[in-house]
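1. Here's a sequence, model it:
(one chain, ligands or ions: 2)
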Amino acid sequence: MQRQPVVTATFDSNGDDESVFPKVRNICCIGAGYVGGPTCAVLAWKCPDIKVTICDLSQPRIDAWNSDTLPIFEPGLSEIVFEARGRNLFFTTDVDNAIAEADLIFVSVNTPTKTSGVGAGVAADLCYVEAATRRIAALSRKGAIIVEKSTVPCRTAESMRQILSATSPQEGAVFEILSNPEFLAEGTAVEDLLDPARILIGALDTPRGQLAQRRLVEVYANWVAPKNILTTSLWSSELSKLAANALLAQRVSSINAIAAICEATGSNVFEVSNACGLDPRIGSQFLKAGLGFGGSCFQKDIFNLIYLSTSLNLPEVAEYWAQVLKMNEWTKSRFTRGVVKKMFSTITRKTIVCAGYAFKKDTGDIREAPAINVARDLMEDGACLRIYDPKVTAESIHESLKGFTYIDWATASAAGPWDLPQAGTYTICPSLDAALVNASALLFVTDWSEFKGLDLEWWTATHAKMTKPAMVFDGRDILNTAECAHLRKIGFGVEKTGVGHAI
Ligand SMILES: NC(=O)C1=CN([C@@H]2O[C@H](COP(=O)(O)OP(=O)(O)OC[C@H]3O[C@@H](n4cnc5c(N)ncnc54)[C@H](O)[C@@H]3O)[C@@H](O)[C@H]2O)C=CC1
Ligand SMILES: O=C(O)[C@H]1O[C@H](OP(=O)(O)OP(=O)(O)OC[C@H]2O[C@@H](n3ccc(=O)[nH]c3=O)[C@H](O)[C@@H]2O)[C@H](O)[C@@H](O)[C@@H]1O
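-> Numbers count the residues shown, from 1 in each chain. Ligands and ions are numbered 1, 2, ... in the order given. Below you'll find the model as predicted:
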């Protein structure tokens, strides 16, 4: 029998019978990534009466979630997963069954920037959101509350609604779409989820939309204070997520622009940002100058905003946001240019240590990490790079440096200074101490806590084993003013991003 689409019944806004969406008991999360995994693990931990099934198409990812070594590193996450897993938290590749059973479905799939076709390089690729929506339409037996967790362009819920209306074969299935963007930051995901600054839930202003919104509010109310749960319209909620990331990224680009002025004028960007941040109208957060922002979202979400502005015929708005990205790219390359310049304008065959590779501390994620640009630029200039990061896997470093020659640690560590057969190579090192033997320069590229507060003895021993003149380039505010002075006394050349030499 041919399946008949149920067109109007699925979004009938007059049906405000509470039983349409009973209290949430069974949640499915599509996408077991950096957002879906931690978000729904915390939800399950906080709501033992709700069954939470996190599903993904990737078998290795689900296997890792079901193992002792989770696929992502987040402080505090494993304890939560180990406690809830098997009780009311489940990880599976059986996406279809999880959808069929659920009364609320989070869509937490990836929304990367398109790499080809219309909008290539700027527009969000919604193919994963659409595929998930079509799966829900096909399999949800009675309908469900569908929650956009992924970051999506404004009005994506409308496209999802049309797909559900046109393709759901289940007679009488009732769907409602909410927007509930995620604001967690990697490295502090568990903290952010347990004590969120706000939970944002957007819904249509219809009785059914409001009912669905109430159901999701009830879930969060298990651990989030009511004053921190914000309800808005669907479109405001979708746009708020893009706006929040754009505003945060803009602050980072703004302070990096000031950092360049500081270096040229002999001032100190950390003193400047402290002075500015004490004004409560400005605030102190997100004013740390450095190597530029990385991570999977800031760039992608600003591109998204640029594409939206352009398609709304607002070229000046698009240009404004494009400048934030331009400044970020310039910041990353400025750092590398500074390194080359200070090392007598040549780094060919010089051993340079890249301390950190993740886009920020407390994560193993390297998506859009400034370290990748730095590593590639330095190798193109002939450096023999030694990379050390406490959490990033060798596999992902290799993936990000395809096309460059890898030299294993045994070979690299046996070679003396300038002894490597080839310029422009990289090695992954077992520790920072080991990496520094015979190195010409140490670059702080990620703000790992273990790089901070290294004592005078350590620095003296390090200077002794490095090739002279030994240089330290601090791109992540690792060294304070007193430490910089101590290091110079020992004999290091020290350059800190955003800090000009006193005149
Ligand atoms: N990474 C972060 O810190 C944050 C990300 N976001 C947003 O959340 C969304 C997800 O981001 P991440 O978790 O970082 O991505 P991710 O790439 O780590 O995870 C997405 C997962 O979805 C799975 N998937 C894709 N299509 C599927 C389908 N049809 N059925 C089942 N599984 C499917 C993929 O296999 C992948 O494992 C994005 O829109 C992102 O912008 C929002 C806030 C923070
Ligand atoms: O949508 C997302 O993916 C998330 O993006 C960011 O979170 P995240 O990218 O994980 O990490 P951030 O702490 O925001 O740092 C982003 C980048 O900016 C850099 N940064 C941050 C702050 C600062 O002052 N200076 C600075 O250079 C960091 O080193 C890092 O490379 C936002 O902070 C989250 O609210 C949002 O949910």
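2. Burial check on the nearest residue to Thr151 once chain neighbours are set aside, number of neighbours?
-> Using CB to CB, 6 or more residues apart in numbering and skipping the chain neighbours, the partner closest in space to Thr151 is Lys241 (5.2 Å). Backbone N, C-alpha and C define where each C-beta goes, glycine included. For Lys241, the count of nearby residues is 24 (other CB atoms under 10 Å).
3. and if you look at the one 5 residues further on?
-> Taking other CB under 10 Å as the neighbour definition, Ala246 ends up with a count of 18.
4. just checking, it touches Leu305?
-> Yes - using CB atoms under 8 Å, Ala246 is in contact with Leu305, at 5.4 Å.
5. Quick check: neighbours shared by those two?
-> Taking CB atoms under 8 Å, 6 or more residues apart in numbering as the contact definition, Ala246 and Leu305 share the neighbouring residues Trp321.
6. before we move on, back to that, residue contacts, the residue nearest to Thr151?
-> 151, 179, 181-183, 200, 301.
7. Which helix or strand contains it?
-> Here Lys241 sits within helix 234-265, counting by DSSP states H and E.
8. so where's the protein uncertain?
-> Filtered on pLDDT under 70, the chain yields the residue ranges 1-16, 420-421, 502-503.
9. Now do the buried residues in the helix holding Lys241.
-> For helix 234-265, a neighbour-count test (16 or more other CB atoms under 10 Å) marks 234-235, 237-242, 244-246, 248-260, 262-263 as buried.
10. And for stretch 158-174?
-> 159-161, 163-165, 168, 170, 173-174.
11. distance between the ends of that stretch?
-> 15 Å (CA to CA, to the nearest Å).
12. just stretch 83-98 next, same as before
-> Stretch 83-98 end-to-end distance (CA to CA) = 21 Å.
13. Closest residue of this structure to ligand 1?
-> Of all residues in the chain, Gly33 sits closest to ligand 1, at 1.9 Å by CB to the nearest ligand atom.
14. Please tell me I have it right and that residue contacts Ser108.
-> Yes - with contact defined as CB under 8 Å, Gly33 reaches Ser108; the gap is 6.7 Å.
15. quick one on the thing from earlier: any chance of JSON lines for the buried residues of stretch 158-174, columns secondary structure and distance to Ala434?
-> Converted to JSON lines, these look like this (DSSP: H, G, I helix; E, B strand; the rest coil; distance: CB to CB, whole Å):
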{"residue": "Ser159", "secondary structure": "helix", "distance to Ala434": "52"}
{"residue": "Met160", "secondary structure": "helix", "distance to Ala434": "51"}
{"residue": "Arg161", "secondary structure": "helix", "distance to Ala434": "56"}
{"residue": "Ile163", "secondary structure": "helix", "distance to Ala434": "54"}
{"residue": "Leu164", "secondary structure": "helix", "distance to Ala434": "56"}
{"residue": "Ser165", "secondary structure": "helix", "distance to Ala434": "60"}
{"residue": "Ser168", "secondary structure": "coil", "distance to Ala434": "59"}
{"residue": "Gln170", "secondary structure": "coil", "distance to Ala434": "60"}
{"residue": "Ala173", "secondary structure": "coil", "distance to Ala434": "60"}
{"residue": "Val174", "secondary structure": "strand", "distance to Ala434": "61"}
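16. all strands of the stretch 101-250 of the chain, in order?
-> Here the stretch 101-250 of the chain has its strands, by DSSP state E, counting those that start in this stretch, at 104-107, 143-148, 174-179, 199-203, 229-233.
17. mind checking which of those is nearest Ile387?
-> Nearest to Ile387 among those is strand 104-107 (35.6 Å), distances taken as CB to CB.
18. Distance from that closest one to the middle of the chain?
-> Here the centre of strand 104-107 is set off from its chain's centre by 21 Å, with CA atoms, centre = their mean, to the nearest Å.
19. Over to stretch 53-61?
-> With CA atoms, centre = their mean as the basis, the mean position of stretch 53-61 lies at 19 Å from the chain mean.
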